[in-house]
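Asks: Here's my sequence, what's the structure:
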Amino acid sequence: MTQIWYEDFTSGTTLRSEPRRVTTADIDGWAALTGEDHPVHMDEAFARAAGFQGRICHGLFSLALVEGLKAKLGVFDRSVTASLSWTDVKFLAPLYPGDLVHLELDLVDKRPTRTPGRGLATERGRLVKADGTVVITGDHVVFLLNRPESG
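Replies: Residues are numbered from 1 along each chain as shown. Now for the predicted structure:
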């Protein structure tokens, strides 16, 4: 895919990432990185007793996957310069080791800023399991640059 600049950001467009399989090593790595080692993520028996099929991924890991899968699209590598907010984030279903997920990213809205050369853009991300179950959804506002003038 080519770079999406402010001028190319078209409301109603949906981008879809390649799939990614979640692993137990992902959960362990996230816990080691963040220090968040609640037993629902780290202890199989505890997670089952809590009503899950087994260990589940951290919710914020799921949100981070949204950003990682968006980065893999490669369409905002040069055009997005800052993340300004996440709103309306909803954790809708557990994510388990072995689940195959992909990102569906809706381009929602854009508006210019007072600073020339950039605008604000709102994306709506959905992390979706292979069976269609939506794991997490949320709206993300970013600074999006205008297309550079060719020299």
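
Asks: Identify the residue nearest the geometric centre of the protein.
Replies: Central residue of the chain (Cα atoms, centre = their mean): Val66, 1.3 Å from the mean position.

Asks: Checking it next. Helix, strand or coil?
Replies: Following DSSP: H, G, I helix; E, B strand; the rest coil, Val66 is assigned to helix.

Asks: Now do the contacts for it.
Replies: Leu103, Gly125, Leu127, Ile136, Gly138, His140 (Cβ atoms under 8 Å, 6 or more residues apart in numbering). C-beta coordinates here come from the backbone N, C-alpha and C atoms, glycine included.

Asks: Tell me the bridge partners for Leu107.
Replies: Glu123 (DSSP bridges).

Asks: from what I can see it touches Tyr6, true?
Replies: No. Using Cβ atoms under 8 Å, Leu107 is not in contact with Tyr6; the gap is 11.2 Å.

Asks: what is in contact with those two at once?
Replies: Ala121.

Asks: Tell me which stretches of the protein form helices.
Replies: 24-34, 39-42, 44-49, 59-73 (DSSP state H).

Asks: need the ones you listed in CSV with mean pLDDT, can you?
Replies: Formatted as CSV, the helices of the chain follow (pLDDT from 0 to 100):
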stretch, mean pLDDT
helix 24-34, 98
helix 39-42, 98
helix 44-49, 98
helix 59-73, 97
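
Asks: Of these, which is nearest Ser79?
Replies: Proximity to Ser79 (Cβ to Cβ) singles out helix 59-73 among the helices of the chain, at 11.7 Å.

Asks: so how far is the closest one from its chain's centroid?
Replies: 3 Å (Cα atoms, centre = their mean, to the nearest Å).

Asks: likewise stretch 26-38?
Replies: Worked out by Cα atoms, centre = their mean, stretch 26-38 lies 18 Å from the chain centre.

Asks: got the buried residues for that stretch?
Replies: Asp26, Ile27, Trp30, Ala31 (16 or more other Cβ atoms under 10 Å).

Asks: ditto for stretch 51-67
Replies: So, applying 16+ other Cβ under 10 Å, buried residues of stretch 51-67: Arg55, Ile56, Cys57, His58, Gly59, Phe61, Ser62, Leu63, Ala64, Leu65, Val66.
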